[in-house]
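# just need the structure, nothing else, for what follows:
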Amino acid sequence: MGKAYALKHASESQLVAVVDQDKAQLQSLKEQRPEIQTYHCDVANNQQLVDTFASLVTELGQISRLVHCPAIMPTAYLASEDPEIVNRVMNINYGGTVNTVSAVLPSMLKQDYGEIIIFGSSGGYALVPECGAYCVSKAATNTYAEILIEENRASRVHIMLVCPPLVDTPLLQQPAATSNPQILIDSKQHKRFVSPQFIVDEIDKALSRGTRILRPGMEAKIMYILRRISPGLVWRLMRYANKST
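Reported below is the predicted structural model:
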């Protein structure tokens, strides 16, 4: 989704910089749009990230819009999952969010201008068996972003939380390579996912409306409502979809 967003806005003659730890993907992106500036960095490494953003600002100027969407999604039953993997998911998905926002938000608040888009997930409230580590990390990210929005509501910095449903991205290869939950297999077979481009377009429309929390697509909205009014029903639906007992 970050790649789709970068490509769209680079095509609109905007100055775009991409930060990622995958050198091959950065090179691929650079080959598609040579004008995109790329920086190799691990968002879970706070000092490395601070140094990277310092270089970025020196070379390109102040950041006016931050779109943060790195995530990993290995799957397993929590009782058997290696604690190091659970903590790594948290360090990247949630810790990376904290590191990135903390590196950018203070300067935006100082100039009282800017936009920050944080990718949480519908998985942070519509909890899925075998996706425990991911759901926990996204629940933390959702909560962090929502509080951040409220604490900075009086400023002119627009912070938006995006909670997508299942999206057709390479992230889905990670569950397939680990426990491969049945609910995700069925979702892929029946194409119960949205495209990255759909999410990108929904974000831009939401920004123009001043939206603070975006749940793009009907499924994300329905699952949020069901989880609030009847969490037991959501668990029954998950058991049925996952063919668990």
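# how far off centre is the lengthiest helix in the chain?
Assignment by DSSP state H gives helix 132-151 as the longest helix of the chain. Relative to the centre of its chain, helix 132-151 is centred 10 Å away, using CA atoms, centre = their mean, to the nearest Å.
# what comes up buried for the host helix or strand of Ser55?
Secondary structure from DSSP states H and E places Ser55 in helix 46-60. Residues of helix 46-60 classed as buried under the neighbour-count rule (16 or more other CB atoms under 10 Å) are 46, 49, 52-53, 56. For glycine as for every other residue, the C-beta is placed from the backbone atoms N, C-alpha and C.
# can I get that helix in CSV, CA atoms only?
Taking Å, rounded to 0.1, in the frame of the first residue of the first chain, the C-alpha atoms of helix 46-60 are listed here in CSV:
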residue,chain,number,x,y,z
ASN,A,46,14.8,4.1,16.6
GLN,A,47,18.3,5.7,16.4
GLN,A,48,18.7,4.6,12.8
LEU,A,49,15.3,6.0,12.0
VAL,A,50,16.0,9.4,13.6
ASP,A,51,19.3,9.6,11.7
THR,A,52,17.5,8.7,8.4
PHE,A,53,14.9,11.3,8.8
ALA,A,54,17.5,13.9,9.7
SER,A,55,19.3,13.2,6.4
LEU,A,56,16.0,13.2,4.6
VAL,A,57,15.0,16.6,5.9
THR,A,58,18.5,18.0,5.2
GLU,A,59,18.3,16.8,1.6
LEU,A,60,14.7,17.4,0.7
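# for that helix, packing partners?
Secondary-structure packing of helix 46-60 (3 or more CB pairs under 8 Å, 6 or more residues apart in numbering; DSSP states H and E): strand 17-20, strand 37-40, helix 96-111.
# tabulate those (JSON lines), appending mean neighbour count and mean pLDDT.
Formatted as JSON lines, the helices and strands packed on helix 46-60 follow (neighbours: other CB atoms under 10 Å; pLDDT from 0 to 100):
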{"stretch": "strand 17-20", "mean neighbour count": "20", "mean pLDDT": "97"}
{"stretch": "strand 37-40", "mean neighbour count": "16", "mean pLDDT": "97"}
{"stretch": "helix 96-111", "mean neighbour count": "18", "mean pLDDT": "98"}
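# dump these to CSV, plus distance to Val86.
Listed next are the helices and strands packed on helix 46-60 as CSV, based on distance: least, CB to CB, whole Å:
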stretch, distance to Val86
strand 17-20, 23
strand 37-40, 26
helix 96-111, 15
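# alpha carbons of the longest helix of the chain, as CSV, please.
Output in CSV follows, covering the C-alpha atoms of helix 132-151 (Å, rounded to 0.1, in the frame of the first residue of the first chain):
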residue,chain,number,x,y,z
GLY,A,132,-2.8,-13.1,17.5
ALA,A,133,0.6,-11.4,17.3
TYR,A,134,-0.5,-9.2,14.4
CYS,A,135,-3.9,-8.4,16.0
VAL,A,136,-2.3,-7.4,19.3
SER,A,137,0.2,-5.1,17.4
LYS,A,138,-2.5,-3.5,15.4
ALA,A,139,-4.8,-3.1,18.4
ALA,A,140,-1.9,-1.2,20.1
THR,A,141,-1.4,0.9,16.9
ASN,A,142,-5.1,1.7,16.6
THR,A,143,-5.2,2.9,20.3
TYR,A,144,-2.0,4.9,19.9
ALA,A,145,-3.2,6.7,16.8
GLU,A,146,-6.7,7.4,18.3
ILE,A,147,-5.2,8.9,21.5
LEU,A,148,-2.7,10.9,19.4
ILE,A,149,-5.5,12.3,17.3
GLU,A,150,-7.4,13.4,20.4
GLU,A,151,-4.4,14.9,22.1
